[in-house]
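Asker: Here is my input, please return the structure:
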Amino acid sequence: MTVQHNSDSRTYDAIVGGQVVGTVVYEPKGSMVVISHTVVEPDYRRQGIASELVREALDDIRERRMSVSNYCGFIASFIEAHPEYGDLIDAVHPGVIVHP
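Answerer: Predicted structure coming up:
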């Protein structure tokens, strides 16, 4: 699996065999990224694709020195399980934190 950042469609895409099988959808807002949701095709779920996709997306956001306003339950759970990403959450506009 590879992850590609597609700034035109405002997505991070998980690619397997040349096919997009997962996506993190976001909207840029100045120095912040507003994440709305993460989706993985049903045949590719429960294989760790979403976790790796989110990890690479958050790493890229960190590298670009941006913060995150999160509205995705999966990403909220991911950050809760991986607190080293908690500093990316924007202090003023954290989004909605959804606990499992």
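Asker: hey, where'd the helices end up in this structure?
Answerer: All helices of the chain, identified by DSSP state H, fall at 49-63, 73-81.
Asker: buried residues in the strand ranked longest in the chain?
Answerer: Using DSSP state E, we find that the single longest strand of the chain is strand 19-29. In terms of neighbour count (16 or more other CB atoms under 10 Å), strand 19-29 has its buried residues at 21-26. Any C-beta I mention is one placed from the backbone N, CA and C, and that applies to glycine too.
Asker: possible to save these as a markdown table with pLDDT and distance to residue 66?
Answerer: Output for the buried residues of strand 19-29, formatted as a markdown table (pLDDT from 0 to 100; distance: CB to CB, whole Å):
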| residue | pLDDT | distance to residue 66 |
| --- | --- | --- |
| 21 | 98 | 25 |
| 22 | 98 | 21 |
| 23 | 98 | 18 |
| 24 | 98 | 14 |
| 25 | 98 | 16 |
| 26 | 98 | 10 |
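Asker: Could I get the CA-only coordinates of stretch 58-73 as PDB?
Answerer: Taking C-alpha atoms only, stretch 58-73 is exported to PDB below (Å, rounded to 0.1, in the frame of the first residue of the first chain):
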ATOM      1  CA  LEU A  58      -1.100  13.100  10.100                       C
ATOM      2  CA  ASP A  59       2.700  12.800   9.500                       C
ATOM      3  CA  ASP A  60       2.300  14.900   6.400                       C
ATOM      4  CA  ILE A  61       0.200  17.500   8.100                       C
ATOM      5  CA  ARG A  62       2.800  17.700  10.900                       C
ATOM      6  CA  GLU A  63       5.600  18.100   8.300                       C
ATOM      7  CA  ARG A  64       3.600  20.900   6.700                       C
ATOM      8  CA  ARG A  65       3.400  22.500  10.200                       C
ATOM      9  CA  MET A  66      -0.400  22.600  10.100                       C
ATOM     10  CA  SER A  67      -2.900  21.900  12.900                       C
ATOM     11  CA  VAL A  68      -6.000  19.600  12.700                       C
ATOM     12  CA  SER A  69      -9.700  20.300  13.300                       C
ATOM     13  CA  ASN A  70     -11.100  16.800  13.400                       C
ATOM     14  CA  TYR A  71     -14.700  15.700  12.700                       C
ATOM     15  CA  CYS A  72     -13.800  12.000  12.000                       C
ATOM     16  CA  GLY A  73     -14.600   9.400  14.600                       C
END
